[in-house]
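J.: Predicted model and sequence follow; I will ask about them next.
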Protein chains: 2
Amino acid sequence: MTQVAIVGLGLIGGSLGFDLVQRGYTVIGVARRPETAQQALALGAVHQAGTDLALVAAADLVMLCTPINVVVQTATAIVPHLKPQAIITDVASVKGEIVPAIAAVWPRFIGGHPMAGKAEAGLAVAEAGLFQRRPYVLTPTATTPEDVLITLITLVHDLGADLHQCSPEDHDQAVAWISHLPVMVSASLLLACQQESNPAIATLAQSLASSGFRDTSRVGGGVPELGTLMARHNRTAVLKGLAAYKQQLTALETVIQQGDWDILERYLSQAQQTRPQYVDPL
Amino acid sequence: MTQVAIVGLGLIGGSLGFDLVQRGYTVIGVARRPETAQQALALGAVHQAGTDLALVAAADLVMLCTPINVVVQTATAIVPHLKPQAIITDVASVKGEIVPAIAAVWPRFIGGHPMAGKAEAGLAVAEAGLFQRRPYVLTPTATTPEDVLITLITLVHDLGADLHQCSPEDHDQAVAWISHLPVMVSASLLLACQQESNPAIATLAQSLASSGFRDTSRVGGGVPELGTLMARHNRTAVLKGLAAYKQQLTALETVIQQGDWDILERYLSQAQQTRPQYVDPL
């Protein structure tokens, strides 16, 4: 395995390029815009770059790093150019729709999701070591060839990332809980505050908002296009999360209405005990 | 105005003590436990300290810094000891219940809420300058004597805090939006994640949770007693916030169910535009 083609040279594609060049892979970059290809070459993120998808012809491994909504069509478009033994993987944050669609056009495929993000996007913020000690999820299925899985396990190891393996469906439900549901929960807080009809109260609330509000509203105040893509491509899992969430919220509302303060405190204790299972308490 | 009594020597009471000693006030501390009184004296947070509420007899201004659930009973207990012209204020985070209750037993009263908090509580974490450039809300009513208001405005100025004035009810609705509602919203996220019945997905979600989940779940994973006190003493405003919140959440859920991606993106854009009105974008 020496030749890797990276299609899509943004934050993830560019960062993968830096790491793979450093680790001795030969890296070919394919970008939509010629300037991006030039920039990737100039930065040393790739050995060779261009805008023609036919560049993947030399690759043993193709990593699709395009936006999620064009991953499947990009896979379909490169198929005619691939070597028979070439492997495709992708880095999209949702897998349930994508994995069967690509495997149908190219069986030597495995879905992947390196979970390293930044507030900004694009090649300009790409960096070496982005995936180090960060989760990298692979989603093999019953039809994934063994050598395809082994190739990707090796790559994840080379990147210094933490390997996780699960089905595409389990991946999507897990990220719905910890990534997509929080966006909807947090955005609804901002939208609710906006409903205050008394301008004096609204202005006061804006003046008094502090770190608690800042943290709770952060992901909900993020890029709308991203939140929309999450919901669109992970609809079933997000809706399952929202249904469970509404149930819990209504339970809290009910005990507050009824003044069952012991039960409210028990619920909030459960929440307090749950959090360290997910994140370091900070 | 020279003599200030601080009843309750925790984070807020202790920090007020440091600042007021520094600014030339004579400060008398009253604590529930003798060790706390001794410690406040040793730290220089007060000039004189003890556990006897009768110590307030010398005070021109009494600042009630006890936990919210004993503020009114503490006010009632000190009344027999007060000089006729003494002023009472409190620092509780909810005002609608407390203000009329204390004004009924001592008309020379004004509610206050210095909005400086820390993750930990207690005198050990008290510090000088805690209120500097932080909001300090005063909640005068139609019956608040003019000189009482002026005395407190001077004090807020001396502390270097940012003065806000509003009715007790407006205060409570504003803090419900930016402080109490976020706790319920955030706790419900933790409780919802706990509902995942597939242990493989739950374990994966716990491994993959990162900064987005950390921020959104932070205030919901806080001290259960505090969240319970907020809901208990600010029930009406919290319930109003929860009702508006559920409406917004249901609107998001509906557009996701219907696949109205343009409308979802418009909602999320509104959320993105709302956030900078409340907090610095970070």
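T.: Right, received. Where do you want to start? Numbering: from 1, shown residues only, chains lettered A, B, ... in the order given.

J.: Could you look up the SS state of the residue nearest the centre of chain A?
T.: The residue lying closest to the centre of chain A (C-alpha atoms, centre = their mean) is A:Ser93, at 3.2 Å. Here A:Ser93 is recorded as coil under DSSP: H, G, I helix; E, B strand; the rest coil.

J.: I figured it was touching A:Ala176, is that so?
T.: No. If you go by C-beta atoms under 8 Å, A:Ser93 and A:Ala176 don't touch, sitting 10.6 Å apart. Backbone N, C-alpha and C define where each C-beta goes, glycine included.

J.: send the alpha carbons of the top helix by length along chain A over as PDB?
T.: The longest helix of chain A (DSSP state H) is helix A:235-258. C-alpha atoms of helix A:235-258 as PDB (Å, rounded to 0.1, in the frame of the first residue of the first chain):
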ATOM      1  CA  ARG A 235     -33.000  11.700  10.400                       C
ATOM      2  CA  THR A 236     -34.100   8.400  12.000                       C
ATOM      3  CA  ALA A 237     -31.500   8.500  14.700                       C
ATOM      4  CA  VAL A 238     -32.000  12.200  15.400                       C
ATOM      5  CA  LEU A 239     -35.800  11.800  15.700                       C
ATOM      6  CA  LYS A 240     -35.300   8.800  18.100                       C
ATOM      7  CA  GLY A 241     -33.000  11.000  20.200                       C
ATOM      8  CA  LEU A 242     -35.500  13.900  20.100                       C
ATOM      9  CA  ALA A 243     -38.400  11.700  21.200                       C
ATOM     10  CA  ALA A 244     -36.400  10.400  24.200                       C
ATOM     11  CA  TYR A 245     -35.300  13.900  25.000                       C
ATOM     12  CA  LYS A 246     -38.800  15.300  24.900                       C
ATOM     13  CA  GLN A 247     -39.900  12.600  27.300                       C
ATOM     14  CA  GLN A 248     -37.200  13.500  29.800                       C
ATOM     15  CA  LEU A 249     -37.900  17.200  29.400                       C
ATOM     16  CA  THR A 250     -41.600  16.600  30.000                       C
ATOM     17  CA  ALA A 251     -40.800  14.500  33.100                       C
ATOM     18  CA  LEU A 252     -38.800  17.400  34.500                       C
ATOM     19  CA  GLU A 253     -41.600  19.900  33.600                       C
ATOM     20  CA  THR A 254     -44.200  17.700  35.300                       C
ATOM     21  CA  VAL A 255     -42.300  17.400  38.600                       C
ATOM     22  CA  ILE A 256     -41.800  21.100  38.600                       C
ATOM     23  CA  GLN A 257     -45.500  21.700  37.900                       C
ATOM     24  CA  GLN A 258     -46.400  19.300  40.800                       C
END
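
J.: near chain B at all, whichever helix or strand comes after it?
T.: Moving toward the C-terminus from helix A:235-258, the next helix or strand (DSSP states H and E) is helix A:261-278. Yes. Helix A:261-278 is in contact with chain B by C-beta under 8 Å from any C-beta of the partner chain, via A:261, A:264-272, A:274-278.

J.: Filter the residues you listed down to just the buried residues.
T.: Among the residues of helix A:261-278 next to chain B, those buried by neighbour count (16 or more other C-beta atoms under 10 Å in any protein chain shown) are A:261, A:264-265, A:267-269, A:271-272, A:274-275, A:278.

J.: Would you format those residues as CSV with pLDDT and distance to B:Ala5 included?
T.: What follows is those, written out as CSV (pLDDT from 0 to 100; distance: C-beta to C-beta, whole Å):
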residue, pLDDT, distance to B:Ala5
A:Trp261, 98, 31
A:Leu264, 98, 34
A:Glu265, 98, 32
A:Tyr267, 98, 38
A:Leu268, 98, 34
A:Ser269, 98, 35
A:Ala271, 98, 38
A:Gln272, 97, 35
A:Thr274, 97, 42
A:Arg275, 97, 39
A:Tyr278, 97, 45
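
J.: Now the two most distant members of those.
T.: Spanning the widest gap among these are A:Trp261 and A:Tyr278, at 26.3 Å by C-beta to C-beta.

J.: Under the pLDDT cut-off, which ranges of the stretch 151-282 of chain A? List them.
T.: Scanning the stretch 151-282 of chain A for pLDDT under 70 picks out A:282.

J.: Next, count neighbours for A:Ala205.
T.: 24 (other C-beta atoms under 10 Å in any protein chain shown).

J.: isn't there a helix covering it?
T.: Yes. Applying three-state DSSP, one finds A:Ala205 inside a helix.

J.: which residues touch it?
T.: A:193, A:196, B:173-175, B:177-178, B:278 (C-beta atoms under 8 Å, 6 or more residues apart in numbering or on different chains).

J.: now do A:Gln48
T.: A:27-29, A:41, A:55.

J.: do the same with A:Val137
T.: When contacts are taken as C-beta under 8 Å, 6+ apart, A:Val137 is in contact with A:112-115, A:164-166, A:171, B:204, B:208.

J.: quick one on the thing from earlier: report pLDDT for the residue nearest to the centre of chain A.
T.: For A:Ser93, the model assigns a pLDDT of 94.

J.: And for A:Glu120?
T.: So A:Glu120 comes in at 79 (pLDDT).

J.: ok so, going back, now, which of the contacts of A:Val137 lie within strands?
T.: Among the contacts of A:Val137, the members falling in strands (DSSP state E) are A:112-114, A:164-165.

J.: Of those residues, which fall within the contact range of chain B?
T.: A:His164.

J.: Identify the farthest-apart pair in the ones in strands among the contacts of A:Val137.
T.: Maximum distance among these (C-beta to C-beta): 13.6 Å, for A:Pro114 and A:Gln165.

J.: Please say which of those two ends up with more neighbours.
T.: Ranked by neighbour count (other C-beta under 10 Å), A:Pro114 and A:Gln165 place A:Pro114 first, with 23 against 17.

J.: For chain B, what's the nearest residue on the stretch 1-150 of chain A?
T.: Per C-beta to the nearest C-beta, A:Pro135 is where the stretch 1-150 of chain A lies closest to chain B, at 5.2 Å.

J.: ok, the closest residue to that residue other than its chain neighbours to A:Phe131 distance?
T.: Nearest non-adjacent residue to A:Pro135, counting by C-beta to C-beta, 6 or more residues apart in numbering or on different chains: A:Met115, 4.4 Å away. A:Met115 is 9 Å from A:Phe131, where distance means C-beta to C-beta, to the nearest Å.

J.: So chain A: which segments form each domain?
T.: A:3-166, A:170-278 (automatic domain parsing).

J.: out of these, deepest packed?
T.: Stretch with highest mean neighbour count among those: domain A:170-278 (a mean of 21; mean count of other C-beta atoms under 10 Å in any protein chain shown).

J.: Could you give the separation of that one from the chain centroid?
T.: Chain-centre distance of domain A:170-278: 20 Å, with C-alpha atoms, centre = their mean, to the nearest Å.

J.: Please apply the same query to stretch A:50-57.
T.: 25 Å.

J.: what about it, average pLDDT?
T.: pLDDT averaged over stretch A:50-57 gives 98.

J.: Name the surrounding residues that touch it.
T.: A:5, A:7, A:28-34, A:37, A:48-49, A:62, A:74, A:77-78, A:81-83, A:86.

J.: Check A:Gly117 and give its pLDDT.
T.: Model confidence at A:Gly117 (pLDDT) stands at 76.

J.: I should have written A:Phe131 there, sorry.
T.: pLDDT, A:Phe131: 97.

J.: how close does it sit to A:Asp158?
T.: 10 Å.

J.: Now the common contact residues for the two.
T.: A:Asp19.
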